[in-house]
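Trainee: Sequence and predicted structure are below.
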Amino acid sequence: MVMEMTAADTVTSDRIADFMETLRDRGVEYLRFELPDLHGVSRLKVVPIDKVEAYTRKGLNFYGGTLALDTASLVVPGAGLHAERKYRDHQIFPDLDTLAPVPWLDRTAKVICDPYWSADEPLTVAPRYVLKSLLAKAAAMGFDVMMGHEFEFYLLTAKTQEPLFGGLHIFNHIRNQYIPELDRLLDYLRQAGVDVITHNCEYAPSQFEINFGASVGIAAADKAFTFKTAVKEIAHRLGYLASFMSKPFSDRAGCCCHFHISLIDRSTGQNAFFDAADPDGLSALARSFTQGILDHAPAMMPLISPTPNCYRRLKPHTFAPSNISWGIEDRTAMVRVKATHDENTHLEMRAGSGLSNPYLSAAATLAAGLLGIEQAAQLQPMSDRPSEDDPAFPKLPPNLETAIEGLMADEEMRSLLGEDFVHLFTTVKQFELDASTPMSPTGSKKNIWRFTRARLRTFAWR
């Protein structure tokens, strides 16, 4: 699916003038132009205030293959954005609606940007573009999308990469605010525009969860992107290491991204997933959306669990799903239906990893659900026991290799996500797999050595 969008749709002269006035009124001296990459990592340039207007109007040069770097920032051959484009630059244009302060830095703000080869040629493989295309499809079907991401992460000592405390202490009052730096982290997040709802320690030692509000449309994924990058950067500046890695410790809990979603009827403004006349409070639309997720779960998995480590989290009796299932308030199911019998009715997709790209976890879930609606899919029965204990349900893919095969076999999902994006994504993921497998016939010894060395530095704790 391709959404028509040009750089002119992003910025206009009048808006830029107002934007510059806002920056000056707020005393901003440096503006960060941030590009969300394929992995959900922020790639940015810092621009002094006197240069901001020109770059906002004409675009800021960025290496055109940035979206085709692997998790260790290695160039991935055959991805379509390197040698195929003569290693050229592209320009990034800011979305002015994303302006937010960076309160842990002096006189600094940020904007999230979209990449273009030229003013009328966007990079349709950009994760943010992929999600916006699917949001446009939902709008054409008559729906706005309410979304929220729920992340867990470990806060570790920077030098030893060990937890701050031991034991299992979920919600414990001392562990919740174990060190003063956690209070500062919360303050910085709120000042950065992240509407924190709750904060608490999680099940494992030194594991935390900070929840923030849901939003409509691209703003939801932008907020999740800001949250993750902010937590990692603030922790670093405070002398700690924040890791969203799915399973950083084999004997401790994994880190999730539970993704919450509902559709809003654009004609009425009402929650399209709620039906007061249904015994469970679920509309037929919600049931079809849920079945779409189940039908296309194998294709979703590489997007919501994008590294080999992710699949070590998806085990029975760990509060993580292990099979393709749904259930009302079932914490063991892939799709937990929050059937509140009111306008808050929504779905919670629980198979996502904490290190997943928030744009892609949203895109994968939305694409699958919309396919379910288009096909008027009939929702399969839920189990009368915890879903993880029901052998009737198919298992989730056991590893990233199988998950990639699932995506490549799902023509409908590939079409909605965009074939060029799927090519880019699977090429990068296969490169990472090949480089981490010494006996692979396609992984060169040089790449394996470079990947392993870089992986120890960055990939494991991303």
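Mentor: Alright, I've got the coordinates.
Trainee: Which secondary structure state is assigned to residue 379?
Mentor: Per DSSP: H, G, I helix; E, B strand; the rest coil, the secondary structure class of residue 379 is coil.
Trainee: show me what contacts it?
Mentor: When the contact criterion is C-beta atoms under 8 Å, 6 or more residues apart in numbering, the partners of residue 379 are 287-288, 290-291, 326. From N, CA and C alone the C-beta is placed, and that goes for glycine too.
Trainee: Likewise for residue 408?
Mentor: By C-beta under 8 Å, 6+ apart, residue 408 lies in contact with 414, 422, 426.
Trainee: And it, what's its pLDDT?
Mentor: We have a pLDDT of 98 for residue 408.
Trainee: What strand or helix carries it?
Mentor: Secondary structure assignment for residue 408, by DSSP states H and E: helix 400-409.
Trainee: Name the next helix or strand downstream of that helix, please.
Mentor: Proceeding N to C from helix 400-409, the next assigned helix or strand is helix 411-417, under DSSP H and E.
Trainee: Mind giving me the packing neighbours of that next one?
Mentor: helix 127-140, helix 297-304, helix 358-374, helix 400-409 (3 or more C-beta pairs under 8 Å, 6 or more residues apart in numbering; DSSP states H and E).
Trainee: Format these as TSV; extra columns: distance to residue 349.
Mentor: Conversion of those to TSV gives the following (distance: least, C-beta to C-beta, whole Å):
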stretch	distance to residue 349
helix 127-140	15
helix 297-304	8
helix 358-374	5
helix 400-409	15
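Trainee: To residue 337, which of the ones you listed lies closest?
Mentor: Distances from residue 337 to each of those were compared by C-beta to C-beta, and the smallest falls on helix 358-374, at 12.6 Å.
Trainee: before we move on, back to that, residue 317: which of the contacts of residue 408 is nearest?
Mentor: Within the contacts of residue 408, distances to residue 317 taken as C-beta to C-beta reach their minimum at residue 426, with 31.7 Å.
Trainee: residues in contact with that closest one?
Mentor: 302, 404, 407-408.
Trainee: Regarding it, which helix or strand does it belong to?
Mentor: Assigned by DSSP H and E, residue 426 belongs to helix 419-435.
Trainee: now the angle from that helix to helix 400-409?
Mentor: Orientation of helix 419-435 against helix 400-409 (axes from the mean of the first three to the mean of the last three C-alpha atoms, to 10 degrees) gives an angle of 160 degrees.
Trainee: pLDDT averaged over helix 419-435 - what is it?
Mentor: Confidence for helix 419-435, expressed as mean pLDDT, is 96.
Trainee: Report the buried residues of the helix ranked longest in the chain.
Mentor: Longest helix in the chain by number of residues (criterion: DSSP state H): helix 218-237. For helix 218-237, burial by neighbour count (16 or more other C-beta atoms under 10 Å) applies to 218, 220-235.
Trainee: what does stretch 337-357 give?
Mentor: When neighbours are counted by 16+ other C-beta under 10 Å, the buried residues of stretch 337-357 are found to be 337, 339, 345-357.
Trainee: quick one: that stretch to chain centroid distance?
Mentor: Average the C-alpha atoms of stretch 337-357, do the same for its chain, and the two points are 14 Å apart (C-alpha atoms, centre = their mean, to the nearest Å).
Trainee: Just to check, residue 167 is in contact with residue 205?
Mentor: Yes - at 5.8 Å, residue 167 and residue 205 qualify as touching, with contact defined as C-beta atoms under 8 Å.
Trainee: Look at those two and report which has more neighbours.
Mentor: Set side by side, residue 167 and residue 205 give different neighbour counts by other C-beta atoms under 10 Å, the larger being at residue 205 (19 against 10).
Trainee: got a list of what the residue nearest to the more buried one when sequence neighbours are not counted touches?
Mentor: In space, not counting the residues next to it along the chain, residue 205 is nearest to residue 163; the distance is 4.3 Å by C-beta to C-beta, 6 or more residues apart in numbering. Residues near residue 163 by C-beta under 8 Å, 6+ apart: 154, 156-157, 204-207.
Trainee: for those, which one is nearest residue 141?
Mentor: For residue 141, the closest of the contacts of residue 163 turns out to be residue 207, at 38.4 Å, with distances computed as C-beta to C-beta.
Trainee: Quick one: neighbours of the closest residue to the closest one other than its chain neighbours, just the number.
Mentor: Of all residues beyond its chain neighbours, the one nearest residue 207 is residue 154 (5.2 Å), with distances taken as C-beta to C-beta, 6+ apart. As a burial measure, the neighbour count of residue 154 was computed by other C-beta under 10 Å and equals 28.
Trainee: so which strand or helix has residue 154?
Mentor: Taking DSSP H and E as the definition, one finds residue 154 inside strand 143-157.
Trainee: Please point out which parts of that strand sit buried.
Mentor: Neighbour-count burial for strand 143-157 [16+ other C-beta under 10 Å]: 143-156.
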